[in-house]
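In: need a structure here:
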Amino acid sequence: MSTATRLVLTADTHLPKRAKDLPAELWEAIEAADVVVHAGDWVDEATLDAFEARSRRLVACWGNNDGPGLRGRLPEVARVELDGLRLGVVHETGGRDGRERRMDAAHPGLDVLVFGHSHIPWDTTTPGGMRLLNPGSPTDRRRQPHCTYLTATAADGALVEVVLHRLSAAGPRVSGVRRR
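Out: Numbers count the residues shown, from 1 in each chain. Here you go, the predicted structure:
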């Protein structure tokens, strides 16, 4: 009998510059998850400490806004296998045009690549079959209507039940991620 692994995917937390703390809904999701994935731009080491303390397992990388302390503690690219799913985490993937082909070339052998940087939720599949996911940002929506994060389930070598969670002042709203 196979087991399923519950994931929370986030990036671009930018604490304490963009917010003093993460939304309570995200902290609750982090504490309930089997694995938390963070695709960089923490900004401060206290945030990494909090994630490590509140996560059962953390898979993370550093981002372009992360200084030497965070870069000393985290890899530029993290890789892990979860229930047969080969998952990678990186902060930057470059511009959207040609992203799928670039990521196939840059990250061979992965089933899923989680990335950040743009603060724009993203869900596509590369020509090589790798799924690309960007959870957006829970603290800085930029040009997006909502701050966001993702949850998903890994089971039997596949990623299923990917859900985009929209955070707003009026309370959390949930929708499926629109595939491009």
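In: can you give me the strands in this protein?
Out: 5-10, 35-38, 58-60, 77-82, 85-90, 112-114, 122-125, 131-134, 147-155, 158-167, 173-176 (DSSP state E).
In: Quick one, which of those gets closest to residue 140.
Out: strand 147-155 (7.0 Å; CB to CB). C-betas here are computed from N, CA, C, even on glycine.
In: Could you list every helix and strand that that closest one packs against?
Out: Under the contact criterion of 3 or more CB pairs under 8 Å, 6 or more residues apart in numbering; DSSP states H and E, strand 147-155 touches strand 5-10, helix 24-32, strand 158-167.
In: Strand 158-167 and that strand, what's the angle between them?
Out: Calculated by axes from the mean of the first three to the mean of the last three CA atoms, to 10 degrees, strand 147-155 forms an angle of 160 degrees with strand 158-167.
In: most packed of the helices and strands packed on strand 147-155?
Out: Greatest average neighbour count among these goes to strand 5-10 (a mean of 24), per mean count of other CB atoms under 10 Å.
In: Tell me the strands beside it, with direction?
Out: Applying DSSP bridges, strand 5-10 is found paired with strand 35-38 (parallel), strand 147-155 (antiparallel).
In: got any ranges where the protein has weak pLDDT?
Out: Low-confidence segments of the chain (pLDDT under 70): 1-2, 168-180.
In: run the last query once more with 90
Out: Along the chain, segments meeting pLDDT under 90 span 1-3, 16-18, 142-143, 168-180.
In: And for the residue lying closest to residue 142 once chain neighbours are set aside, the neighbour number?
Out: The shortest distance from residue 142 to any non-neighbouring residue, by CB to CB, 6 or more residues apart in numbering, is to residue 119 (4.5 Å). As a burial measure, residue 119 scores 23 neighbours (other CB atoms under 10 Å).
In: State the phi and psi torsions of residue 119.
Out: phi 70, psi 20 (degrees, to the nearest 10).
In: gap between it and residue 73?
Out: Per CB to CB, to the nearest Å, residue 119 is found 23 Å from residue 73.
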